[in-house]
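Novice: With the input below, show me the fold.
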Amino acid sequence: MTLARGASYAAGAALALAVTACGGDTATPGVSPAASSSTAASTASSSGAPTPPSAKSPTTPPPAKDTPAGRVIDVTITGRKVTPAPTTVDLKVGEKLTLVVTSDHDDELHAHGFDIEEKLKAGTPTTVTLTGAEAGLYEVETHEPALRLMMIAVR
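Specialist: Residues are numbered from 1 along each chain as shown. The predicted structure follows:
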C-alpha cells in the first residue's frame, strides 16, 4: 500500500467513524455512515479511544469459504461478543459476499450502503448476500446491542 493510499484509507476510516450510524445512508457517496458512539465504544481499545481499522494489527480477515456465488463468512454473536472479531473485509466492485449470522438473542442486522436490514432470530442462522456496487467503506452492525460485525471496503 502506498503512503498516499494508506493516508486516504485512514482519512476515509476516520470520516466513517465520525458519522452517526443509522442516521441515513445519504452521506458522502462511497462512504457509509459509521457506528454511533455506543458502537464505536464497543470496539474501543483499552484506553477507551476507538482504534481505526488501519491501525489494528495484525489485520486478519475473518475465515471465509469460497463458493461459486462468492465468499461466505460465518459470524456468531454471543452476548456482546462477535466471532470472528470485527475487522475490515475487502470486496471488489461487483463481487458478492454472503454473511451467515447467528445470534444468541433476537436483534436486527444492518449493512450500511447495501440497503439491507434483516431480523435476527435467536439461535437461527440468517443469511444475507451483499454485492459491492459502489466503492467505499461500509459498516455491518447489529442494533440491540449496537455491535460492529465488520467493515467492508469495496474497492
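Novice: in the protein, what secondary structure element scores lowest on mean pLDDT?
Specialist: Each helix and strand of the chain was given a mean pLDDT (mean pLDDT, DSSP states H and E); the minimum falls on helix 37-42 at a mean of 36.
Novice: quick one: Arg148 and Val93, what's the gap?
Specialist: 23 Å (CB to CB, to the nearest Å). C-beta here means a position set from N, CA and C on the backbone, and glycine is covered the same way.
Novice: of these two, who's got more company?
Specialist: Using other CB atoms under 10 Å, the more surrounded residue of Arg148 and Val93 is Arg148, with 22 against 12.
Novice: Would you mind giving the secondary structure of the more buried one?
Specialist: With DSSP: H, G, I helix; E, B strand; the rest coil as the basis, Arg148 sits in strand.
Novice: quick one: it from Glu139, how far?
Specialist: 6 Å.
Novice: Quick check, Ile73 in contact with Thr98.
Specialist: Yes - the pair Ile73 and Thr98 passes the contact test of CB atoms under 8 Å, sitting 7.4 Å apart.
Novice: number of nearby residues for the residue nearest to Thr131 when sequence neighbours are not counted?
Specialist: Nearest residue to Thr131, sequence neighbours excluded (CB to CB, 6 or more residues apart in numbering): Lys96, at 5.1 Å. By other CB under 10 Å, 15 other residues sit near Lys96.
Novice: Could I get the contacting residues of Lys96?
Specialist: 69-71, 129-132 (CB atoms under 8 Å, 6 or more residues apart in numbering).
Novice: rerun that using 7 Å as the cut-off
Specialist: By CB atoms under 7 Å, 6 or more residues apart in numbering, the contact list for Lys96 reads 69-70, 129-131.
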